[in-house]
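sequence and predicted model, in that order:
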Amino acid sequence: MASPAPRHQRPQDALPSDTYTNFSKIRLRGRVADLKHIENAHTDGDTYVWFKTANLLSTGDTSPWPLSQYRFANGGNIRGMIAATEIYLKLTNAKTRIAPGHARSPTRRRWSSTTRC
């Protein structure tokens with residue numbers, strides 16, 4: 001069997017200069033963005049961003065609605081997605097704006113039904 005083609009190497013300035021393992025904060029125009037790694041949700045490298053003072057949650061690809069449309073890759077699994085949902089339910093309230101990576105914006109009601117699968 002032939003060896004896989006070598007990966008394209010990126011120029012040094014295209015690589016991230018600031019990385020984190022579990023949690024990071026970024027200050028943007030007087031606001032704080034909390035970045036948190038979600039382990040094994042959609043993939044093993046997902047992050048959500050919480051803007052507490054704006055009551056805004058950016059979930060990226062970890063917004064699990066509907067779960068039936070998810071294809072897990074690179075270490076992600078259903079247990080990780082449910083764990084992410086439980087975290088989001090603790091962070092948010094009825095007035096929280098939710099910005100998913102794809103699809104329509106989820107609601108807390110849909111999230112609650114997801115965790116009862």
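Done, it's in.

and A83, that one's in a helix?
Yes. Assessed by DSSP: H, G, I helix; E, B strand; the rest coil, A83 belongs to a helix.

that one touches I38, doesn't it?
Yes. At 7.4 Å, A83 counts as touching I38 under the criterion of C-beta atoms under 8 Å. (C-beta placed from N, C-alpha, C; glycine too.)

more crowded one of the two?
I38 (24 against 17; other C-beta atoms under 10 Å).

test my guess that that one contacts I82.
No. Using C-beta under 8 Å, I38 is not in contact with I82, being 11.0 Å away.

need the overlap of contacts for the two.
Here I38 and I82 have no joint contacts, going by C-beta atoms under 8 Å, 6 or more residues apart in numbering.

the longest strand belonging to the chain packs against which elements?
Of all the elements of type strand in the chain, the one with the most residues (DSSP state E) is strand 31-38. Packing partners of strand 31-38 (3 or more C-beta pairs under 8 Å, 6 or more residues apart in numbering; DSSP states H and E): strand 23-28, strand 46-51, helix 78-91.
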